[in-house]
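*Asks:* below are the sequence and a predicted model; questions follow.
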Amino acid sequence: MTDTPLTQRESIHLVDPRDHVATALRDIVAGETLDLDGRTITARATIPKGHKIAIRAAKAGEDVLKYGWPIGRAVIDIAVGDHVHVHNVATRLEGVEDFTWAPARPERRDGGGGDRTFDGYRRKNGRAGTRNEIWVLCTVGCVANTARRIAEKASQRFAGRVDGVYAFPHPFGCSQLGDDLAHTRKLIAALASHPNAGGVLILGLGCENNQLKALLDGAQEIDRDRLKSFTTQMVEDELEDGLAAVEVLVEIAERDQREPIPVSELVVGLKCGGSDGFSGVTANPLVGRIADKVADAGGTPVLTEIPEVFGAEGVLLARAASREVFDQAVGVIDDFKRYFIDNNQPIYENPSPGNIAGGITTLEEKSLGAVQKGGRAPLVEVLRYGERVGPHGLTLLEAPGNDAVSSTALTAAGATVILFTTGRGTPLGFPAPTLKIASNSGLAQRKPGWIDFDAGQVLAGVSMETAADALMDLVIDTASGKPTKAELNGEREIAIWKSGVTL
């Protein structure tokens with residue numbers, strides 16, 4: 001997308017000059033005459049806001065382009081002025097594809113992160129947190145409510161001494177086998193190592209597959225000085241023992257102080273949920289500019305939602321910094337496609353009903369909009385589910401598109417702030433502070449209690465770079481302690497990717 005400001009006088013927006021379609025910036029009625037760079041387009045049907053109008057004809061069987069890339073094939077002839085959507089365009093996706101390594105110099109931009117700092121917490125392992133909280137985790141769902149009760153009572157008893165005491169319960173840990181059990185264990189261990197946790201209490205039951213000792217033995221990054229754990233079957237009063245453990249952790253964590261930390265230490269999760277036809281025009285490219293600012297400053301933006309890379313693989317793979325990274329990225333993408341195929345599901349079972357109502361027609365269109373959150377920086381690392389970030393730079397993380405599962409995986413990977421774009425809205429929040437970025441101003445105005453930033457302002461004449469500077473300021477403020485709307489609403493949860501059989 002270009003940096004040219006959009007204005008309210010415009011009725012349609014063209015992303016790339018090669019495109020067959022433009023996006024309606026308002027409801028367009030059949031018969032209405034529109035201007036596109038001096039060219040007259042007459043709408044042959046009603047085009048809802050956020051949906052697509054054909055500006056070039058396409059024969060049945062031809063590719064239809066948006067963002068300069070195919071978003072599907074025409075299933076019938078499409079004339080200039082037609083409404084382009086699920087009735088006349090279908091996905092091109094089928095199965096696993098072959099990709100060829102073709103090293104190219106990735107396009108870079110001066111993101112402008114520069115020498116900025118945020119006020120964060122420096123941890124013993126060198127990582128930097130944006131919060132100083134006590135987290136209560138559990139090995140198994142049987143003690144999930146126990147974890148919640150301990151956190152609730154501790155929040156009242158120790159109010160004001162740390163940034164908060166939070167439980168992150170889940171229903172798993174029992175009757176799991178193999179990789180499925182390993183996923184659960186690895187994810188909880190990664191959360192226990194998170195720099196936003198100034199102290200961690202882990203509860204076990206005693207008889208579960210996800211044994212507490214095995215979890216701790218495999219969790220090398222946990223600061224043992226800030227960890228408490230016990231098996232609830234072995235204590236008389238798990239609530240009082242839990243509160244006593246939290247008190248010790250609070251006494252340690254309350255001595256921590258915020259200090260200036262370079263943006264190069266910031267790990268930013270990139271996520272979209274409930275997308276609409278504007279997500280790839282406003283919110284996602286805006287977040288992509290934040291990813292560039294962070295990456296150019298030496299920080300780590302993390303992109304995930306592998307099924308929402310399907311159809312846009314070429315955009316991302318072209319930016320792989322090495323053959324090794326390219327091969328790892330192809331491996332993650334192909335494995336996820338096989339995961340669908342092995343479960344007798346089509347790989348294109350997306351977009352969701354809400355996405356379609358918002359104007360997104362195919363998975364390719366959704367993916368081409370979604371990958372823009374990664375900006376233009378080189379892809380330097382690929383992580384499997386439950387792994388933690390290493391080198392600085394744009395990272396691809398294995399996780400599904402599900403909002404809660406992928407955002408939890410981003411947190412476990414080390415994200416200390418999450419940028420969550422949405423065209424439909426959601427109240428969800430996660431362990432890392434999560435900024436909700438609306439793709440359209442209507443959503444921001446309708447749900448001010450959910451939305452932290454209005455990316456729809458670029459449709460009203462604000463340049464993308466001006467909006468990006470304002471969003472970057474908000475990211476810095478959030479990393480320095482300003483609460484997000486989700487935090488103010490008490491929206492905190494995790495979800496674990498359940499990928500195997502249950503005994």
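*Replies:* Nice, I can see it. Numbering: from 1, shown residues only.

*Asks:* can you list the buried residues in stretch 417-432?
*Replies:* 417-426, 428-432 (16 or more other Cβ atoms under 10 Å). (Each C-beta comes from the backbone N, C-alpha and C, glycine too.)

*Asks:* stretch 194-203 too?
*Replies:* Quick answer for stretch 194-203 (16+ other Cβ under 10 Å): 194-203.

*Asks:* repeat for stretch 336-349
*Replies:* 336-337, 340, 347-348.

*Asks:* now, those that are in helices?
*Replies:* Mapping those onto helices (DSSP state H) picks out 336-337, 340.

*Asks:* and the two most separated of the buried residues of stretch 417-432?
*Replies:* 423 and 431 (24.3 Å; Cβ to Cβ).

*Asks:* closest to residue 71 out of the buried residues of stretch 336-349?
*Replies:* Once Cβ to Cβ is applied, the member of the buried residues of stretch 336-349 that ends up nearest residue 71 is residue 348, at 11.7 Å.

*Asks:* residue contacts, the closest one?
*Replies:* 91, 93, 310-311, 362-363 (Cβ atoms under 8 Å, 6 or more residues apart in numbering).

*Asks:* now, the buried residues of stretch 417-432 that are in strands?
*Replies:* 417-422 (DSSP state E).

*Asks:* can you add distance to residue 133 and give those back as JSON lines?
*Replies:* Below are these laid out as JSON lines (distance: Cβ to Cβ, whole Å):
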{"residue": "417", "distance to residue 133": "14"}
{"residue": "418", "distance to residue 133": "15"}
{"residue": "419", "distance to residue 133": "20"}
{"residue": "420", "distance to residue 133": "19"}
{"residue": "421", "distance to residue 133": "25"}
{"residue": "422", "distance to residue 133": "25"}
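
*Asks:* burial count for the closest residue in space to residue 295 that isn't next to it in sequence?
*Replies:* Nearest residue to residue 295, sequence neighbours excluded (Cβ to Cβ, 6 or more residues apart in numbering): residue 377, at 3.9 Å. A count of neighbours around residue 377, defined by other Cβ atoms under 10 Å, yields 23.

*Asks:* so residue 377 sits in a strand?
*Replies:* No. Under DSSP: H, G, I helix; E, B strand; the rest coil, residue 377 falls outside any strand and is assigned coil.

*Asks:* spell out the residue ranges of the helices in the stretch 1-150 of the chain.
*Replies:* 144-157 (DSSP state H, counting those that start in this stretch).

*Asks:* low pLDDT regions in it?
*Replies:* The stretch 1-150 of the chain contains residues with pLDDT under 70 at 1-9, 104-114.

*Asks:* how about 90 then?
*Replies:* For the stretch 1-150 of the chain, the stretches flagged by pLDDT under 90 are 1-11, 13, 35-39, 92-115.

*Asks:* quick check: residue 387 touching residue 413?
*Replies:* Yes. Counting by Cβ atoms under 8 Å, residue 387 does reach residue 413; the two are 6.6 Å apart.

*Asks:* which strand of the chain spans the most residues?
*Replies:* The chain, longest strand under DSSP E: strand 197-204.

*Asks:* just checking, next helix/strand downstream of it?
*Replies:* The helix or strand immediately downstream of strand 197-204 is helix 212-217, counting by DSSP states H and E.

*Asks:* off-centre distance for that next one?
*Replies:* 29 Å (Cα atoms, centre = their mean, to the nearest Å).

*Asks:* outside of it itself, list whatever touches it.
*Replies:* 139, 185, 188-189, 202, 204, 222, 227, 229, 231.

*Asks:* ok, and the closest non-adjacent residue to residue 182?
*Replies:* Using Cβ to Cβ, 6+ apart, the closest residue to residue 182 is residue 386 (8.0 Å).

*Asks:* got a list of what residue 492 touches?
*Replies:* Residues near residue 492 by Cβ under 8 Å, 6+ apart: 166, 168, 429-431, 486.

*Asks:* next: residue 61.
*Replies:* So residue 61 contacts 73-74 (Cβ under 8 Å, 6+ apart).

*Asks:* and the residue lying closest to residue 54 once chain neighbours are set aside, how many neighbours does it have?
*Replies:* Computed as Cβ to Cβ, 6+ apart, the closest residue to residue 54 that is not its neighbour in sequence is residue 82, at 4.5 Å. Counted with other Cβ under 10 Å, residues neighbouring residue 82 total 23.

*Asks:* gap between residue 82 and residue 76?
*Replies:* Separation of residue 82 from residue 76 (Cβ to Cβ, to the nearest Å) stands at 9 Å.

*Asks:* which residues do the two both contact?
*Replies:* residue 88.

*Asks:* show me where the stretch 201-350 of the chain dips below the pLDDT cut-off.
*Replies:* 218-221, 274-277, 311, 314-315, 338-350.

*Asks:* rerun at 70
*Replies:* Along the stretch 201-350 of the chain, the model assigns pLDDT under 70 to residues 350.

*Asks:* helices of that one, start to end?
*Replies:* Under DSSP H, counting those that start in this stretch, the stretch 201-350 of the chain gives helices at 212-217, 238-253, 283-296, 313-317, 323-342.

*Asks:* and of those helices, who's closest to residue 72?
*Replies:* From those, taking Cβ to Cβ, the stretch that ends up closest is helix 313-317, at 15.2 Å.

*Asks:* output the closest one as PDB, nothing but the C-alphas.
*Replies:* C-alpha atoms of helix 313-317 as PDB (Å, rounded to 0.1, in the frame of the first residue of the first chain):
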ATOM      1  CA  GLU A 313       3.400 -17.400   1.100                       C
ATOM      2  CA  GLY A 314       5.300 -15.700  -1.700                       C
ATOM      3  CA  VAL A 315       5.200 -12.300  -0.100                       C
ATOM      4  CA  LEU A 316       6.700 -13.600   3.100                       C
ATOM      5  CA  LEU A 317       9.100 -16.200   1.700                       C
END
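
*Asks:* returning to what we had before: now do the shared contacts for residue 387 and residue 413.
*Replies:* Counting by Cβ under 8 Å, 6+ apart, the residues touching both residue 387 and residue 413 are 190, 397.

*Asks:* these two: which is more packed in?
*Replies:* residue 413 (27 against 19).

*Asks:* wait, doesn't that one sit right on residue 190?
*Replies:* Yes. Counting by Cβ under 8 Å, residue 190 is a contact partner of residue 413 at 7.1 Å.

*Asks:* mutual contacts of these two, please.
*Replies:* 387-388.

*Asks:* quick check: closest non-adjacent residue to residue 421.
*Replies:* residue 283 (3.7 Å).

*Asks:* gap between the one you found and residue 455?
*Replies:* For residue 283, the distance to residue 455 (Cβ to Cβ) stands at 4 Å.

*Asks:* nice, that's everything, thank you.
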